[in-house]
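*Asks:* Provide a 3D model corresponding to the input given below.
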Amino acid sequence: MELKDRFKKYLEEQFRSIKPTEAAKDFRIRTLKELMDKVQDLRIKGIEDEELVYNMCIESLGNFPARLKDFEEEEHKVENAKRKISLAVACAVAVALALVIVYVVIGVTTGAWHPAWLLLLGGAFLGVIAVACVFIAKFGKAQRYGLMRLFPPVIIVLVSVFLFLVLNLVFKVPNSWFVFLAMVIVGFVFDTALAYATSFKFRHIELCVTVEIFCVLLYVMLGLTVADFWHPGWILCLGGVVCAIAMIIALIAKRNKESNKKERAKIARKYGKEDEAYYTMWDD
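*Replies:* Take a look at the predicted model:
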């Protein structure tokens with residue numbers, strides 16, 4: 001029996017341990033090619049004994065049953081991912097259709113076409129937010145925190161825009177544009193929290209910036225709503241600067257304390273070793 005036929009028989013027996021899928025068939029064909037390439041390499045090296053070549057080629061596959069098991073597990077993961085994506089798409093389509101139907105019903109029965117379009121906009125925003133959440137989970141799991149931090153601002157902006165439209169068009173709330181000032185504050189606070197959660201290198205600087213932005217925007221909102229607040233209220237901005245400076249000083253003091261502690265421990269270890277050498281060292 002030729003080597004190729006022996007390899008085929010071996011692979012047919014091994015692949016019976018997993019499901020006969022199209023992907024498994026492709027993997028089986030690739031493995032056969034891998035074995036035949038190995039045969040050519042061995043013959044180029046001068047090995048002609050077919051039994052030895054066969055055994056060496058099979059050994060080159062390593063723990064092949066384990067490889068097959070890993071392959072099947074990966075296939076299951078891919079299939080599960082496809083199912084989840086299909087389910088998510090189906091749910092998104094169902095929600096979109098439901099919102100369209102509700103919008104049409106409200107428009108036909110009440111004539112309130114104008115504010116009711118917010119339902120459609122809210123559904124679109126919700127879809128984008130869902131995708132952003134998926135990317136946050138994906139990049140967070142992969143510990144790609146830089147990319148992960150790009151998506152929360154998208155969510156915050158969409159929620160803020162929708163909230164502004166609802167407050168302004170539906171409830172006619174005065175100064176509803178304050179939502180956008182609050183959006184900036186929430187964005188910085190959330191990003192700073194993520195910076196600390198992921199041990200971002202410049203998280204302390206970001207915290208100082210966030211505190212000052214919070215104070216400035218709070219000053220603007222209070223100045224526009226509270227009478228005679230502008231003149232004494234500027235102290236709030238100054239207070240943000242003072243807080244930032246205080247945090248920087250506290251951070252420097254903490255680092256100096258940690259540095260001194262490490263230096264004292266280093267000196268203690270050094271002199272401890274020298275004392276031990278003194279008591280155990282002899283001239284002879």
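
*Asks:* where does this protein dip in pLDDT?
*Replies:* 1, 270-284 (pLDDT under 70).

*Asks:* all the helices of it, residue numbers only.
*Replies:* 3-15, 22-44, 50-60, 64-110, 113-141, 145-148, 151-165, 178-197, 203-225, 230-280 (DSSP state H).

*Asks:* make CSV out of the ones you listed and add distance to residue 172 and mean neighbour count.
*Replies:* Yep, even glycine has a C-beta here, placed from its N, CA and C like the rest. Below are the helices of the chain laid out as CSV (distance: least, Cβ to Cβ, whole Å; neighbours: other Cβ atoms under 10 Å):
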stretch, distance to residue 172, mean neighbour count
helix 3-15, 69, 15
helix 22-44, 59, 14
helix 50-60, 76, 14
helix 64-110, 18, 12
helix 113-141, 11, 15
helix 145-148, 38, 14
helix 151-165, 12, 17
helix 178-197, 14, 17
helix 203-225, 17, 17
helix 230-280, 27, 11
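
*Asks:* list the contacts for residue 208?
*Replies:* Neighbour list for residue 208: 243, 244, 247, 248 [criterion: Cβ atoms under 8 Å, 6 or more residues apart in numbering].

*Asks:* over to residue 186?
*Replies:* 156, 160.

*Asks:* equivalent analysis for the one 4 residues further on, please.
*Replies:* Applying Cβ under 8 Å, 6+ apart, one finds that residue 190 lies in contact with 152, 156.

*Asks:* span of stretch 160-176 from start to end?
*Replies:* 10 Å (Cα to Cα, to the nearest Å).

*Asks:* what's that stretch in contact with?
*Replies:* Here stretch 160-176 has contacts from 114-115, 118, 121-122, 125, 177, 179-180, 182-183, 186, 224-225, using Cβ under 8 Å, 6+ apart.

*Asks:* just stretch 75-86 next, same as before
*Replies:* Contact with stretch 75-86 is made by 19, 21, 23, 24, as judged by Cβ under 8 Å, 6+ apart.

*Asks:* per-domain residue ranges of the protein.
*Replies:* The record's domain parsing of the chain by automatic domain parsing lists 1-83, 201-284.

*Asks:* reformat these as JSON lines; add distance to residue 96.
*Replies:* Below are the domains of the chain laid out as JSON lines (distance: least, Cβ to Cβ, whole Å):
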{"stretch": "domain 1-83", "distance to residue 96": "20"}
{"stretch": "domain 201-284", "distance to residue 96": "35"}
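
*Asks:* now do the phi/psi pair for residue 112.
*Replies:* phi -90, psi 60 (degrees, to the nearest 10).

*Asks:* how close does it sit to residue 247?
*Replies:* Residue 112 sits 50 Å away from residue 247, going by Cβ to Cβ, to the nearest Å.
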